[in-house]
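1. below are the sequence and a predicted model for it; my questions follow.
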Amino acid sequence: MKLSAVDFEGNWRIQREITDMRILESGTLEGEAHFTAKENGLLFHERGMLRFAGGAPVLAERSYQWSFQDDEVFVAYADGTPFHSFARVGAPVATPHLCGEDMYRGIYSFVRFPQWQVTWTVKGPRKNYRSVTQYTPEC
């Protein structure tokens, strides 16, 4: 299945499990994501409550731009700086992204679309965690 921008437009519930090996703690984020159409792609914005054991909940937000070109999706930060890309067909592994000295490696899974998942593994001198985010469409 080759997904298009239209397949993602709208509102999604998100549930994220975070395992931080550096501080030996786990956390969750529950919230919502919105994909809004724009020329050549989508604007993505997520917002949710981030909770780690023993800590107060924190509101977390982030935004990205998704551009669809040929068989690939290019993901950029809100300011347009490139983040990564992934294939729209086959096994969508994100291109690795180096942020400072921390390496981000992602895997997308659309096998149960419209439910889908993104897993990020981040390793480096400042970060060592894994996050798994489930996206479920809001009806």
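-> Yes, it's here. Worth saying up front: this structure is predicted, and the values here are computed from it rather than measured. Numbers count the residues shown, from 1 in each chain.
2. could you list every residue that touches Tyr129?
-> Tyr129 makes contact with Ile18, Thr19, Asp20, Met21, Arg22, Thr121, Val122, according to CB atoms under 8 Å, 6 or more residues apart in numbering. In this view, the C-beta of every residue, glycine as well, is placed from N, C-alpha and C.
3. let me see the ranges of the strands in the protein.
-> For the chain, strands defined by DSSP state E occupy the ranges 10-20, 25-38, 41-52, 58-69, 72-77, 82-87, 97-99, 102-109, 116-123, 128-137.
4. in a markdown table: those strands, plus distance to Ser4 and mean pLDDT.
-> What follows is those, written out as a markdown table (distance: least, CB to CB, whole Å; pLDDT from 0 to 100):
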| stretch | distance to Ser4 | mean pLDDT |
| --- | --- | --- |
| strand 10-20 | 13 | 97 |
| strand 25-38 | 11 | 96 |
| strand 41-52 | 10 | 97 |
| strand 58-69 | 6 | 97 |
| strand 72-77 | 10 | 97 |
| strand 82-87 | 14 | 96 |
| strand 97-99 | 24 | 96 |
| strand 102-109 | 15 | 97 |
| strand 116-123 | 14 | 97 |
| strand 128-137 | 15 | 98 |
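5. can you put the ones you listed in JSON lines and add distance to Leu3?
-> What follows is those, written out as JSON lines (distance: least, CB to CB, whole Å):
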{"stretch": "strand 10-20", "distance to Leu3": "13"}
{"stretch": "strand 25-38", "distance to Leu3": "12"}
{"stretch": "strand 41-52", "distance to Leu3": "11"}
{"stretch": "strand 58-69", "distance to Leu3": "9"}
{"stretch": "strand 72-77", "distance to Leu3": "8"}
{"stretch": "strand 82-87", "distance to Leu3": "10"}
{"stretch": "strand 97-99", "distance to Leu3": "21"}
{"stretch": "strand 102-109", "distance to Leu3": "10"}
{"stretch": "strand 116-123", "distance to Leu3": "9"}
{"stretch": "strand 128-137", "distance to Leu3": "12"}
